[in-house]
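Asker: fold the following for me, if possible:
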Amino acid sequence: MELSPEITQKIQELQLLEQNLQGLLMQRQTHQVELNEILNALDELSKSGEEVYRILGGIMVKSDKKTLSADLKEKEKVLNLRIQSIEKQEKSIEDKSHSLQEEIQKFIGKKQNSPR
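Answerer: Purely as a prediction, here's the structure:
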C-alpha cells in the first residue's frame, strides 16, 4: 500500500513526537532521582546534630545546618517545578501523538477498505 505524502509527513511527525517524549521521560527520571537524593539529604539533616558538612568540589566543608536545609529546600522546589513542567509537556505531546495516531489509522482503514 502506497502512502500519500500527507500521511508520510504525519508518520514522521509522530516519530518525532515519540522521540521528544522519550527525551522528556529521561529528563523527568533524572530530576526525580535528584529530588529523591535531596529528600533523603533533608531527612538525614533533620536527624543530625548541629555539626553538618556539605561536599563542594570533592571536599567536605563544615556548613550551617539552617543554611544547608534552606538550600536543599530551595533545590527541592526548583526540581518539583521542573518535574511539573516536564509532565505538562509530556501530556501535551501524548495528546498530539494520540491525535496523529488516530488520523493515520483512519487513513489506513480507508485505504484498506477502498476498492483496488
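
Asker: paired strands for the helix or strand of the chain with the lowest mean pLDDT, with orientation please.
Answerer: In the chain, no helix or strand scores lower on mean pLDDT, DSSP states H and E than strand 52-56, which sits at a mean of 91. Under the criterion DSSP bridges, strand 52-56 sits next to strand 59-63 (antiparallel) in its sheet.

Asker: now the following helix or strand past the strand it pairs with against strand 52-56, angle please.
Answerer: The helix or strand immediately downstream of strand 59-63 is helix 65-113, counting by DSSP states H and E. Orientation check (axes from the mean of the first three to the mean of the last three Cα atoms, to 10 degrees): helix 65-113 against strand 52-56 gives 50 degrees.

Asker: which residues does the spatially most central residue of the chain contact?
Answerer: In the chain, the centroid-proximal residue (Cα atoms, centre = their mean) is residue 28; its distance is 2.7 Å. Residue 28 sits next to 83, 86-87, 90 when contact means Cβ atoms under 8 Å, 6 or more residues apart in numbering. C-betas here are computed from N, CA, C, even on glycine.

Asker: now residue 87
Answerer: Residue 87 neighbours (Cβ under 8 Å, 6+ apart): residue 28.
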